[in-house]
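Peer 1: Predicted model follows, preceded by the sequence.
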Amino acid sequence: MSSKPTSSATTEVWVNTKVCVKFPFEPYECQRIFMKNVVDVLDRKLDAALESPTGTGKTLSLLCSTLAWVQKQKEIKPLDFSTWQSSGAGGAEKTEEKLKNSFIPTIFYASRTHSQLEQVVHELNRTEYKWVKTTILGSREHFCINQKVKKIKESNRQSHVCRGLVSKRACHYYNKFDAMTTDKMNEVLDKGEAMDIEDFVKLGTQNSICPYFMSRQRSETAELILLPYNYIIDPKMRRRYKLDLKNSIVIFDEAHNLESICESNASAELSSTNIALCIEELKKVLALLVDEEETARAEADMDTEAFGNQKIDLTKKLIENLRTEDLMAVLEKVFLLEEELDKLYESNLLKPVPPLDGKASDGEILLETLGKSGFDGNSVERLVDILRDAISYLLSKNEEVALTEKGDGMERVADFLLSIFSTHAQEVAAAVGDESIKLADRVDPKTIARNCKLYIRREDGKLTIKYFCFQASISMRMLKMRGVRNVLLASGTLSPIQAFTYNMGLNFGAILENEHALKQVPVLTSIVTRGKHGGLTGSFQNRKNVNYVSDVAEALIRVMEATPQGILVFFSSYSQMDELVATWKTMKSAANSTDTYWARMEKSKRVVVEPRAKEELAAVRLRYTQGVSEPHGAALLAVCRGKVSEGIDFCDAESRAVIIVGIPYPPIHDERVVLKKKYLDDLMGRKDVTHEKQSSTDWYQMEAFRAVNQAIGRVLRHKNDFGTVVLLDTRYATAKPEMFPKWLRSTISRMDSDNCALKTARFFKERCHLIENSKVDYIKKQAKQCKSFSQAKKSFPSNPRDDITEITLEDMFSPANMMLEKKESSKLMPPSVKPTISSVFSLPTNEDELKIKKWEQENDSQSTSSSTSDSNKRKFKTEIPVSSFQTSSQNEPPKKKKLVLLTRETLPEKYRKALDIQTSELTKGMSYENQKQFVATLKGYKATSIEWEEVFQRLRPIFVPEKPELFISCSNILRSEDKMKFLRKALSSKIY
């Protein structure tokens, strides 16, 4: 292993008498407390729930404390080879790894998305622990560089095609990987710091080695494995990736959604259509196998060799262990399952569940139905293996099999069976059951099934079977039964934490509600209980009330007028937001006024609305960040649990206020919600359950407040941030304090809308000097990040014919993409800043701040010396143009082209109107021939068999010249990186 690097900036933090954590800077008190709790539970072999506000370096604290504890274990338990003997090729190395793993826990670090894991890699590389052997796991969709596999969009088919290519030695990337020795592989991968997916793909492309298998092989000996949640929680994924969790430490970061994710992964869904398709696919496989066997025998009969030398080669099936008798047995069971489910739906075992259309029962009814069909926990893995082999066989036939017979039905049935029987395994039942009951009675899978509901709905003669698990503790205890040593759950918002820890069902040795890094939290929280016309109650029954609609609009406008820079406004749902916005656009704000409420909002802020379509979010985010830089600022209207409420970072000027309209309760008529409430109500009435119970009302409220707290977390992102939180609903006033995060509770006060506006104005007036400074800093930040972004782009090959920068989703999420005509400069870079993703979650050290401040002063002085009017410009900070922060000519590299970004804002007005046309309008009135051409073109584009230029050429004669506006609207269907190219070509071709 490489030697440990040293750094003068590193601080040694002794969290107890045995463990010293090497932290990249002097930690704050909240970080010391956090790390001490982590080390304490690791020492005691217990679990932890750790809530620490956003901006307090949670990820960094988790990594450093856990890795420090593991390194200490290595010192305490040194490797002893005297009792071990190695044999065979690579025996010594395997023995070392085996010995190491028997003593030293492997760390599995799980987060919700790959983008969050990339941030974890970035944080890890800031520390002295970056040399720890690390890997990151992901699907072929993220890793694969073989174009044959990459062009397939469905992940399941990607997996099967990849396995087929590997088995036939037809993938040269895998072949090169397979031929590499362990030493050579380590030489390629050991770079002295952790790698993210992009690094693996880049390395694989450069060396023509499969990145997917490189990362998987490295996981066998890695000390730290980064992976998405479902790879650990979902039993199917654990099986697929062969994850050995024995003696491991499992960390779930951003764990606020973990309860619902655990329940979802222990649930399953199947339809009668899936079963029917599975039957047809199995018949197809049997027919193909019989044909191959007959062909093989015919060839053997014609062979002229002596009888003893004849070879009846029946392995032309490609899958050697796929036998017709096995397939016949599986087919018979699937036939029976189809019949039994039809009988079940017609029986009186299922009961109606108003207001739902379908019928439900306890989960054990499904286990009985599967048993009648011949499926049980002992044989299910073998059955699933047969189905998977059959899928691979079908996919290997290519042109011989129709697109609809590629194994989707078999895949669905296999996943359903594996989910049900993994969740109901005997050892899991033993872990979930009451410990007072003897083990022999607890291993019954019905123990688990009592925590589940079966729901079946019939529509147009087709059955949909849904199996809902309503105990998150089942997934957690499943992990513990597989030998997990510690489970650490961390998030900025676990509140209400008591309900969260109860539902997780773990053995918690630490439950932490951490304070903020600042003793005095710079946040004003207002619960607005009344408007001009009375109480503000945003219930479903009241949200169309004219007085309520006008009072909410008035309260919003007053806060918008009092708040500088950026405001985030969250609604309970898309339907509520759409209804209110539509009403405000037509409702006059006063009897004698010509302005609507919406017009008044747009006068106080640039207002943008979160789109439902994910691909449109980047452009909306860009318009918002541009608006924040304007004198009046901007407001982004979004939805709780939506794309904006988590996963996107809004720093400083971008979130001066967070406003929440109403309380985001889950949809009352949603199937899962109705059945979960019924499950909890049934549980409350059961006398055999002696442990503490949660009422359906408490659960429903907890779900709402967890979404509220996640949205509130947008307001403070680091120690120098400040802002206001406004809760527009009288029902917040009756909520218990523990429903809110601990750091927020002392800032809460109740008031009417008039007082809220006055206090908000006073709050920001007291910080006017900070706001004025932040206006300039925000524009400077955009300029600096734009330079960093441009420098990072230099390492990627570009087409010299393109004179615009492509705008991808990732690019637009960065505030760097302001509407700047900016010359690149590789010299103006602060000493501590790399041209990579900057950390927005960490707390800077004083030394970092001084370095950056010194760098800014030096470059400001250069700018001042080059322009005598610069000091005058600084007097009008809100009016400073971006160009005044461009570097002087002596810092600019010569002969660099200007980067001109083509965005919606720079398009002609008629183009912008065309882009607003709904996609459903494109084919209205279109001839049958044109429709066929249109659909074929989009299918080809989706499968990546044709590029955007060909799409342009094929669709042009369909729409132009009669309907050029629809042709322009077609760009909305394209991928984000192709959309702007399409529009640019339309402009240059003068299409419209």
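Peer 2: Cool, the structure landed.

Peer 1: Now tell me which helix or strand of the protein has the poorest mean pLDDT.
Peer 2: Here the helix or strand of the chain ranked lowest by mean pLDDT, DSSP states H and E is helix 809-813, holding a mean of 33.

Peer 1: now the strands: where do they sit in the stretch 301-450 of the chain?
Peer 2: Secondary structure of the stretch 301-450 of the chain by DSSP state E, counting those that start in this stretch: the strands cover 351-352, 359-362.

Peer 1: so where's the stretch 101-250 of the chain uncertain?
Peer 2: For the stretch 101-250 of the chain, the stretches flagged by pLDDT under 70 are 101-103.

Peer 1: In JSON lines: the strands of the stretch 301-450 of the chain, plus mean pLDDT and distance to Gly192.
Peer 2: For the C-beta atoms, the positions are set from N, CA and C on the backbone; glycine is no exception. Output for those, formatted as JSON lines (pLDDT from 0 to 100; distance: least, C-beta to C-beta, whole Å):
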{"stretch": "strand 351-352", "mean pLDDT": "94", "distance to Gly192": "63"}
{"stretch": "strand 359-362", "mean pLDDT": "94", "distance to Gly192": "56"}
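
Peer 1: winner for burial among the ones you listed?
Peer 2: Of all the strands of the stretch 301-450 of the chain, strand 359-362 carries the top mean neighbour count, a mean of 19, counting by mean count of other C-beta atoms under 10 Å.

Peer 1: And for it, what's in contact with it?
Peer 2: If you take C-beta atoms under 8 Å, 6 or more residues apart in numbering as the criterion, strand 359-362 is touched by 345, 349-353, 449-450, 452-457, 675, 678.

Peer 1: how far does it sit from the chain's center?
Peer 2: How far strand 359-362 lies from its chain's middle: 32 Å, per C-alpha atoms, centre = their mean, to the nearest Å.

Peer 1: please renumber so the chain begins at 44
Peer 2: Okay, using 44 as the starting number, the last item reads as strand 402-405.

Peer 1: Run me through the strand neighbours of it, direction for each.
Peer 2: Note on strand 402-405: by DSSP bridges, its sheet partners are strand 394-395 (antiparallel), strand 495-502 (antiparallel).

Peer 1: Off-centre distance for the first one?
Peer 2: It refers to strand 394-395. 36 Å.

Peer 1: Residues contacting that strand, please?
Peer 2: The contact list for strand 394-395 (C-beta under 8 Å, 6+ apart) reads Lys402, Ala403, Ser404.

Peer 1: The last one and Ser315: what is the separation?
Peer 2: Ser404 sits 18 Å away from Ser315 when distances are taken as C-beta to C-beta, to the nearest Å.

Peer 1: Name the residues of the helix or strand harbouring Gln74 that are buried.
Peer 2: Using DSSP states H and E, Gln74 falls within helix 72-87. Under the neighbour-count criterion of 16 or more other C-beta atoms under 10 Å, helix 72-87 has 73-85 buried.

Peer 1: could you say what helices and strands it packs with?
Peer 2: Applying 3 or more C-beta pairs under 8 Å, 6 or more residues apart in numbering; DSSP states H and E, we find helix 72-87 packed against strand 63-66, strand 90-94, helix 101-119, strand 529-534, strand 551-556.

Peer 1: Which among the contacts of strand 402-405 count as buried?
Peer 2: Buried among the contacts of strand 402-405 (16+ other C-beta under 10 Å): 388, 393, 396, 492-493, 495-500, 718, 721.

Peer 1: Walking through the stretch 544-693 of the chain, point out its helices one by one.
Peer 2: 589-605, 617-627, 640-647, 660-671 (DSSP state H, counting those that start in this stretch).

Peer 1: Mind listing what's buried along stretch 105-117?
Peer 2: Leu105, Leu106, Cys107, Ser108, Thr109, Leu110, Ala111, Trp112, Val113, Gln114, Lys115.

Peer 1: Kindly state the domain boundaries assigned to the protein.
Peer 2: 59-123+141-175+266-299+535-557, 308-339+358-474+484-514, 566-726+739-824, 952-1032 (the TED database).

Peer 1: which one of these lies closest to Leu522?
Peer 2: In terms of C-beta to C-beta, the element of the domains of the chain nearest to Leu522 is domain 59-123+141-175+266-299+535-557, at 6.3 Å.

Peer 1: re the thing from before, make TSV out of the helices of the stretch 544-693 of the chain and add distance to Pro254 and mean pLDDT.
Peer 2: Putting the helices of the stretch 544-693 of the chain into TSV (distance: least, C-beta to C-beta, whole Å; pLDDT from 0 to 100) gives the following:
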stretch	distance to Pro254	mean pLDDT
helix 589-605	48	95
helix 617-627	38	94
helix 640-647	48	94
helix 660-671	26	89
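
Peer 1: Tabulate these in CSV, adding columns for distance to Thr412 and mean neighbour count.
Peer 2: CSV is the format used below for those (distance: least, C-beta to C-beta, whole Å; neighbours: other C-beta atoms under 10 Å):
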stretch, distance to Thr412, mean neighbour count
helix 589-605, 48, 21
helix 617-627, 37, 18
helix 640-647, 54, 19
helix 660-671, 43, 22
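
Peer 1: Out of these, which gets nearest to Arg729?
Peer 2: helix 617-627 (35.9 Å).

Peer 1: ok now that closest one, how far from the chain's centre?
Peer 2: For helix 617-627, the distance to the chain centre is 27 Å (C-alpha atoms, centre = their mean).

Peer 1: could you give the mean pLDDT of the host helix or strand of Glu306?
Peer 2: Using DSSP H and E, Glu306 maps to helix 301-308. With pLDDT averaged residue by residue, helix 301-308 scores 90.

Peer 1: And that helix, what's buried?
Peer 2: Buried-residue list, helix 301-308, by 16+ other C-beta under 10 Å: Leu301, Glu302, Ile304, Cys305, Glu306, Ser307, Asn308.

Peer 1: give the contact list for Leu208.
Peer 2: Asn189, Lys191, Val192, Cys214, Tyr217.

Peer 1: May I ask which of the residues you listed has the most neighbours?
Peer 2: Cys214 (23 neighbours; other C-beta atoms under 10 Å).

Peer 1: Who are the contact partners of the residue lying closest to Asp385 once chain neighbours are set aside?
Peer 2: The shortest distance from Asp385 to any non-neighbouring residue, by C-beta to C-beta, 6 or more residues apart in numbering, is to Leu506 (7.3 Å). Going by C-beta under 8 Å, 6+ apart, Leu506 touches Ser314, Ser315, Leu384, Asp385, Tyr388, Ile499, Arg500.

Peer 1: do Pro654 as well
Peer 2: Leu660, Val663.

Peer 1: Now do it against Met620, distance only.
Peer 2: Counting by C-beta to C-beta - Pro654 and Met620 are separated by 11 Å.

Peer 1: repeat for Val751
Peer 2: Distance, Val751 to Met620, by C-beta to C-beta: 15 Å.

Peer 1: Point out where this protein drops to low pLDDT.
Peer 2: For the chain, the stretches with pLDDT under 70 are 44-52, 120-146, 343-364, 441-448, 468-488, 634-635, 690, 730-735, 823-945, 986-988.

Peer 1: Mind naming the longest helix for it?
Peer 2: Using DSSP state H, we find that the single longest helix of the chain is helix 315-344.

Peer 1: Report the buried residues of it.
Peer 2: For helix 315-344, by 16+ other C-beta under 10 Å, it's 315, 317-318, 320-322, 324-325, 327-328, 331-332, 335, 339.
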